[in-house]
Every structure is written in structure tokens, then in C-alpha cells.
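Visitor: Please find the sequence and the predicted model below.
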Amino acid sequence: MPVLNRIASYAEEMKGWRRYLHQHPELAFDCHETASWIVQRLREIGVDEIHEGIAKTGIVALIKGRGEGPVIGLRADMDALPIEEMTGAPHASLVKGKMHACGHDGHVTMLLGAAKYLAETRNFAGTVALIFQPAEEDGGGGNVMVQEGVMDRFNVKQVYGIHNAPNVPFGQFLTTPGPLMASVDTAYVKVTGKGGHGATPHETVDPVVAIVAMVQAVQTIIPRNVYALEEAVISVTMIHTGTASNIIPEEGTFAATIRCFKPDVRALLKKRFHEIVEGTATAFGVTATVDYDWGYPATINHDDEAEFAAEVAREVVGADLVDARSNREMGSEDFSYMLEARPGAYLFLGTGPGAGLHHPAFDFNDEAAPVGASFFAKLVERAQPLG
């Protein structure tokens, strides 16, 4: 696998970076220590400019090439998850109840490795904007950075990102033109009736049976309202009600995650969800309120940029390890906002066997960091060549 030789020489240093980050996870927008540590590394690397405090703890650093040209953006997310780690690794999280269970520590390491190489060689025209983003897992930090003007402020013309993929063959890149990851919306439903004794249900207005009917009915939305060749998912993931086996409760709640790829399908799912909940509430004599959280949009790669990124990946890992027409998936990602703002592409990088993302036993494979860093570096040199 032709990882750039200079980046290969950073492998042990990059491992040290990644394991330090793994031991010191921070959540959402509160990545203060993480950001401070990244800034220290960027200063050591010798980037030209560092801009802090974007989206609270986000960073944009600039590296200028040896000729005039446009600005290309490379993004890494840096927040962790509220999960108690179970890896047993020597570098396990030192913060109770928090861990890097999605590999964002690895993403930061990849981008820092690319930055070190690009700052040393500067074998490109124009400028590289290194985007270190908080709150991918919760809060939409990518959207906040876009709203705070990073694309316009730094004149970014195109933007790229990588996510690690456990249990995909090591070194394999996956991407596709068009939709790659789904939009995600969340519905929270509160159902209120009239409580009472379980022995006299005729004296109550039972919210439990209403919730059961609603949950069953919303599962008919996709097979009966969405064209069979469109991908969409509705999963009811929480139901909470009741305090004792002989009491019919006054109220109950349930929540669902709702995912698809197309805006018209997304709007239809929301419309039908409301109609079914409201209609079922009327039928059962309860009241229902729906808090429908419009979340991240679908992650949609731009065709030319996705093809270009796949070409670069082939140079790094070989044609056999690049799937440029991979299956799209129902997970979501707030890099979607950056792709709405600028042309670009998102890719997955296989890290080999291991626990899945968001699992308490997950740990990023350090051997993958030089591969991702080489991709980022080669991408810049190919996109903005000297001369």
C-alpha cells in the first residue's frame, strides 16, 4: 500500500497523538482542551494561520502552497460520545462516561498528519484550509461553522472529509456520487389520557393502548406511502409509560428516528407521521403532541468531486481497494451541511476487524491514520498542482 513515505515516517508520532486524544475525550461544542491541544500541534507543524473559536471550539488553520491558486478544505470532527469505555486498552479514556467511540480521535490525527506533510513540502498551489469541527455527534457543529461563514471567510472552493469504517477491509475506500448517507429527523411524541386503576379501565382514557396503536401505525408509512425503490427508515426506539402493573398511567411518550435521502420523501414522512399520530389520538380519545426535530440533511456527494476523490484514493491504496459506487447507508453525518455549501465529497476508510462505531469496546486502528493522511495530502497535490 503506497502510503507516502514521509507520512509513513510520522506513524509513531501520529499514534501518540491519537492515543492522547483518546484518553481525553470531550463532548459536543465543549472541546476546549481538545482544541487547545490541536492548536499546539498546528504551531509545532508550522501552519501559516490559526483561527480559533469558530462554532465555540472549532478551528480553521491555513497552509499556503508555493503558487497562486484556490482554497481547498479538509475537515475532521473532534468530539466524543457519552459512553463508558470497555476496551481495557492502556490508552483508554481517563474521563468517566466519555470516550472516542466513533474514531474522531483518528480523524483529527489523519488531518494533523496531512498538515505536517503539507506544511513541510508545500508542493501545491493555493491554500489548504484545515477544518477541525466540534459537535458532529450532537449539535450540528458542521452547520454552525457554515452559518458562521467559514466557507466565505476563507474562500473555500471545495471540501472533503473521511470517516473510518470498522469491519470494512483495511485500507479500502468507499464512496459514491450523489447520496451517501441519509438525513435524520427525530420525533418525540407525548400522549395524555386519563389515568386510573387497572381493574376499571372503562373509567380511564388509556394512553398505553393509544401509543401501541400509534407505534404500529407509523410502521405502515414507508410500505404504503413511499415508493418501494426509495430507501427510508422509521424506527421507534423509545417507549416510556407507567409506574405499576395495576395502574393505568395518565400519560406516556415514545420517540422515533426517521431517515431517508430525498427532500420530497423527507417531507412526506413528516406529514404522514403527524397525520397518523393526530388521527390515532382522536380515535382513542387522548391528546398527543409531536415535537418533530428536523435534523441533519442527507450527505450528498458532488459527482465530479466524488469521482476525483476515488481517483486519488486509487493512487494511495490501489484500484482493488476503492469502491467508487458503494452502497449508501442510513447513518447520518453533519458534513452534509458543508457539502450543501460547497462542492466536495465524503469517503469511508476501512480499518479492518473490530467493534463497531458507538460501541463501548470500539478503538480506532492506528495503522489507518497514515493511509487517511496520505489520501488528504495527495488530494491537495492533485487538486491544486504547481504549474
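Guide: Here it is on my side, so go on.
Visitor: tell me which residues in the longest helix seen in the chain are buried?
Guide: Among the elements of type helix in the chain, defined by DSSP state H, the one spanning the most residues is helix 263-284. Counting neighbours by 16 or more other Cβ atoms under 10 Å, one finds that the buried residues in helix 263-284 are 265-266, 268-270, 272-273, 276-277, 280-281, 284. Yep, even glycine has a C-beta here, placed from its N, CA and C like the rest.
Visitor: Please enumerate residues in contact with that helix?
Guide: If you take Cβ atoms under 8 Å, 6 or more residues apart in numbering as the criterion, helix 263-284 is touched by 183, 185, 187, 189, 191, 193, 205-206, 209-210, 213-214, 217-218, 220-222, 225-226, 230, 232, 234, 256, 258, 260, 287-288, 290, 292, 294, 297.
Visitor: Any idea how far it is from the middle of the chain?
Guide: Relative to the centre of its chain, helix 263-284 is centred 27 Å away, using Cα atoms, centre = their mean, to the nearest Å.
Visitor: May I see the buried residues of helix 263-284 arranged in a markdown table, with pLDDT and distance to residue 172 as well?
Guide: Formatted as a markdown table, the buried residues of helix 263-284 follow (pLDDT from 0 to 100; distance: Cβ to Cβ, whole Å):
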| residue | pLDDT | distance to residue 172 |
| --- | --- | --- |
| 265 | 98 | 30 |
| 266 | 98 | 30 |
| 268 | 98 | 35 |
| 269 | 98 | 32 |
| 270 | 98 | 36 |
| 272 | 98 | 38 |
| 273 | 98 | 37 |
| 276 | 98 | 41 |
| 277 | 98 | 42 |
| 280 | 98 | 45 |
| 281 | 98 | 48 |
| 284 | 98 | 50 |
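Visitor: between the residues you listed, which is closest to residue 155?
Guide: Nearest to residue 155 among the buried residues of helix 263-284: residue 266, at 31.3 Å, using Cβ to Cβ.
Visitor: any idea how far residue 23 is from the spatially closest residue to residue 363 that is not a sequence neighbour?
Guide: Spatial nearest neighbour of residue 363, chain neighbours left out: residue 87 (4.9 Å); criterion: Cβ to Cβ, 6 or more residues apart in numbering. When distance is defined by Cβ to Cβ, to the nearest Å, residue 87 is 11 Å away from residue 23.
Visitor: can you map out the helices along the stretch 201-350 of the chain?
Guide: 207-218, 221-225, 263-284, 303-317, 335-341 (DSSP state H, counting those that start in this stretch).
Visitor: The last one: which residues count as buried?
Guide: Along helix 335-341, the positions that meet the burial threshold by neighbour count (16+ other Cβ under 10 Å) are 335-339, 341.
Visitor: Check the residue nearest to residue 363 and give its pLDDT.
Guide: pLDDT for residue 87: 98.
Visitor: mind listing what it touches?
Guide: 355, 360-363.
Visitor: Tell me which of the helices of the stretch 201-350 of the chain sits nearest to residue 29.
Guide: Between the helices of the stretch 201-350 of the chain, helix 335-341 lies closest to residue 29; by Cβ to Cβ that is 15.0 Å.
Visitor: could the buried residues of helix 263-284 go into a markdown table alongside distance to residue 321?
Guide: Shown next, in a markdown table, are the buried residues of helix 263-284 (distance: Cβ to Cβ, whole Å):
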| residue | distance to residue 321 |
| --- | --- |
| 265 | 33 |
| 266 | 33 |
| 268 | 38 |
| 269 | 36 |
| 270 | 39 |
| 272 | 42 |
| 273 | 41 |
| 276 | 45 |
| 277 | 46 |
| 280 | 50 |
| 281 | 52 |
| 284 | 55 |
